[in-house]
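Engineer: Sharing a model that was predicted from the sequence below.
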Amino acid sequence: MILLDLDPGDARPIYTQIADQVKFAVAAGVLRTGDLVPSVRELAKQLVVNPNTVARAYRDLQAEGLLGPVRGTGLQVNEGAQERCREARRAHVRQRLRNALAEAKRSAMDPREIEVILEETWAETNGANPLRSTDKRGGMS
């Protein structure tokens with residue numbers, strides 16, 4: 001069972017959020033090649049959404065070649081989907097960061113202040129800060 005986390009504050013349609021979450025699960029290795037995804041009914045019940053919404057997300061994932069039908073069983077993750085999902089995840093995160101950076105730039109924030117906010121936020125969400133490493137001279141690498 002995969003756990004998806006939908007964001008009601010996200011402007012994207014629910015079916016897009018579901019498709020992206022499945023892609024992220026594949027990218028992270030939570031779902032692997034050959035794994036079956038939850039049935040439409042099962043996932044709709046888990047997310048408390050209309051089954052048609054899940055079906056639309058699954059159709060989109062099939063159209064992208066990431067999921068494929070298994071006769072009498074359901075949908076499985078296709079061969080090669082993990083790398084394609086990793087690329088999609090990078091593109092999604094990159095775009096979200098671009099939007100945030102554009103907003104910061106419009107508000108005339110200093111680049112160093114933005115960097116500090118990014119580092120602090122990363123540390124808050126991960127309990128560590130792998131973005132910054134110090135070399136032997138004491139500078140950032």
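Structural biologist: Great, that's in hand.

Engineer: can we go C-alpha only for contacts and neighbour counts from here?
Structural biologist: Will do.

Engineer: Show me what the helix or strand where residue 85 lies is packed against.
Structural biologist: Assigned by DSSP states H and E, residue 85 belongs to helix 81-106. Applying 3 or more C-alpha pairs under 8 Å, 6 or more residues apart in numbering; DSSP states H and E, one finds that helix 81-106 contacts helix 14-27.

Engineer: tell me the angle of the helix it packs on relative to helix 81-106?
Structural biologist: Put simply, helix 14-27 runs at 120 degrees to helix 81-106, going by axes from the mean of the first three to the mean of the last three C-alpha atoms, to 10 degrees.

Engineer: What lies in contact with helix 14-27?
Structural biologist: If you take C-alpha atoms under 8 Å, 6 or more residues apart in numbering as the criterion, helix 14-27 is touched by 2, 4-7, 31-32, 53-54, 56-58, 60-61, 77, 81-86, 88-89.

Engineer: Please check those residues and keep the buried ones.
Structural biologist: In terms of neighbour count (16 or more other C-alpha atoms under 10 Å), the buried residues within those are 4, 31-32, 53-54, 56-58, 60-61, 77, 81-82, 84-86, 88-89.
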